[in-house]
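Sharing a sequence plus its predicted fold:
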Amino acid sequence: MTSRGVHVVATTDAGTRRALAEAARLGNGSGVRVLLLVPHVVSFVRATGDAQEATAIADRYRALAVDAGVDARVRLCVCRRLDDAFRWMVGPHARIVIGGRQRWWWPTAAQRMADRLRRQGRDVHFARV
């Protein structure tokens, strides 16, 4: 594991917990930084400047990381499209962990996100719930 850290993408509560556990396993106790990226997609017709909402969302995921026993920095990315969060917040060589349910007949949102990032050449690990 290099010093580049691990980026965990927030999905569902269960998916995020599983991804945090996988990030801790990948770090293998080496003190690797874990960044919990929380994409918050808002509509084009809505203003993005609700500071109270942003604080509440970040605090919720901070508590989730603490409950999972992972020392993670939480970064909330308010964006118009999900791909914007990855373009702005994740470097091209970052290790990304996404957790979620896995289905073979119809991919879940987390699976589709992981597949899209893999097609872009990203280092993505999918942690199954």
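Yes, it's here.

right, and the helix or strand after the worst-scoring helix or strand of the chain on mean pLDDT?
Ranked by mean pLDDT, DSSP states H and E, the helix or strand of the chain with the weakest confidence is helix 82-89, at a mean of 85. Moving toward the C-terminus from helix 82-89, the next helix or strand (DSSP states H and E) is strand 95-100.

so what pLDDT did the residue of the chain most remote from its centre get?
For the chain, the largest distance from the centre (CA atoms, centre = their mean) belongs to Val45, which lies 25.0 Å off. Here the pLDDT value assigned to Val45 is 71.

ditto for Trp104
At Trp104, pLDDT is 87.

Relative to Gln111, how far out is it?
The gap separating Trp104 from Gln111 is 10 Å, by CB to CB, to the nearest Å. Bear in mind the C-beta positions are built from the backbone N, C-alpha and C, glycine included.

how many neighbours does Thr108 have?
Look at Thr108: counted by other CB atoms under 10 Å, it has 16 neighbours.

surely it meets Gly99?
No. The pair Thr108 and Gly99 fails to qualify as a contact (CB atoms under 8 Å) at a distance of 10.6 Å.

Which helix in this protein has the most residues?
Longest helix in the chain by number of residues (criterion: DSSP state H): helix 51-68.
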